[in-house]
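>>> 3D model of this:
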Amino acid sequence: MDLRYRLLNVFAIKDQPFSGNPLCVFEDAATLDGGEMMGWARQFNLSETTFVTRIDPDPTGPAAADVRIFPPGYEMPFAGHPTLGTAHVVADLLGEAGRRPDAVTLRLPAGDFPVERTRDGWRLRAHAPEVRDAEATPAELASALGLPTDAVCAGDSQWVTTGVEQLLVRLADADAVRAAVPDVPLLARYATSETGSPQVYVWAWTGERSVEVRLFAVSGSSVDEDPATGSACANLGGWLVSRGHRDVEITVAQGTAVHRPSRLHLSIDADGRIFVAGRVVEVGAGTVRA
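Model prediction:
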């Protein structure tokens with residue numbers, strides 16, 4: 001059996017071909033079970049691979065699809081750049097069937113996520129945020145990040161989820177973001193969520209409407225850094241909403257340290273709804289034999 005897939009860069013920067021976060025999307029994975037999906041995710045070894053298991057066939061109804069998301073080794077209930085990239089592929093597949101929807105709803109394990117087409121990409125609407133205070137002190141978080149204590153803004157570290165819970169740590173400036181060198185045991189101690197996944201999202205303002213960020217995740221005895229993290233960007237929106245921010249648009253820079261510069265666009269409307277948008281670029285396609 002042959003399975004078609006596509007390769008995309010999500011949150012890409014115009015005229016920079018190796019920008020954004022890579023993604024593999026299997027167009028029709030209805031016959032695969034979870035173990036086989038995990039195997040293909042390991043085969044491609046990208047930060048995430050997605051599997052479209054069903055596209056609603058009703059041509060008169062809203063465009064929607066069932067999707068599962070796998071990094072190498074486990075399944076995620078939600079992730080940002082796979083959601084945008086998969087919506088792009090689903091819309092294109094529907095276009096081949098005579099439809100060209102400007103909006104697609106992806107049904108993920110974390111719930112339904114509406115995604116809409118923008119002028120040069122796609123935009124998702126995140127779930128309402130849940131926020132709780134971090135237990136670790138600024139000194140403990142600074143030690144986990146290899147930074148001086150005064151680099152961590154006191155009172156500004158919180159756990160946030162709009163689909164995936166992550167620890168958000170605001171730093172004093174972009175230099176501190178760039179200087180962070182995580183300590184694996186300390187990061188695992190202080191940044192392990194209630195779901196058991198140690199992740200920390202460090203960020204700092206670089207202007208009135210711009211931030212620089214990095215996302216670190218513990219994987220075994222090492223730390224992985226993500227080029228562009230839509231779920232964490234949405235969580236940053238949740239952090240801002242919890243502090244009363246409304247009607248804002250923020251440009252999020254990520255990925256420079258791993259040589260995959262990325263741009264994410266975070267917006268919050270007057271009602272506190274959170275949106276994450278970015279450019280999606282298809283870079284290849286192919287077939288594998290299952």
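>>> Now do the contacts for residue 5.
Contacts were defined as CB atoms under 8 Å, 6 or more residues apart in numbering; by that measure residue 5 touches 24-27, 285-288. C-beta: built from backbone N, CA, C; applies to glycine.
>>> which strand is the longest one in the protein?
strand 274-289 (DSSP state E).
>>> quick one: strands adjacent to that one?
In its sheet, strand 274-289 lies beside strand 2-12 (antiparallel), strand 122-125 (antiparallel), strand 262-268 (antiparallel), with partners assigned from DSSP bridges.
>>> I'd like those strands laid out as TSV, including mean pLDDT.
Rendered in TSV, the data for those read as follows (pLDDT from 0 to 100):
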stretch	mean pLDDT
strand 2-12	98
strand 122-125	98
strand 262-268	99
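>>> okay, the ones you listed in a markdown table with distance to residue 149 next?
A markdown table is the format used below for the strands paired with strand 274-289 (distance: least, CB to CB, whole Å):
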| stretch | distance to residue 149 |
| --- | --- |
| strand 2-12 | 32 |
| strand 122-125 | 36 |
| strand 262-268 | 28 |
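>>> Among the ones you listed, which comes closest to residue 168?
Evaluated with CB to CB, the strands paired with strand 274-289 place strand 262-268 nearest to residue 168, the distance being 12.7 Å.
>>> for the residue nearest to residue 222 when sequence neighbours are not counted, what are its contacts?
The spatially closest residue to residue 222, leaving aside those adjacent along the chain, is residue 184, at 6.6 Å (CB to CB, 6 or more residues apart in numbering). With contact set as CB under 8 Å, 6+ apart, residue 184 has these partners: 218, 221-223.
>>> repeat for residue 216
For residue 216, the contacting residues are 180, 182, 187, 191, 199-200, 202, 223-225, taking CB under 8 Å, 6+ apart as the criterion.
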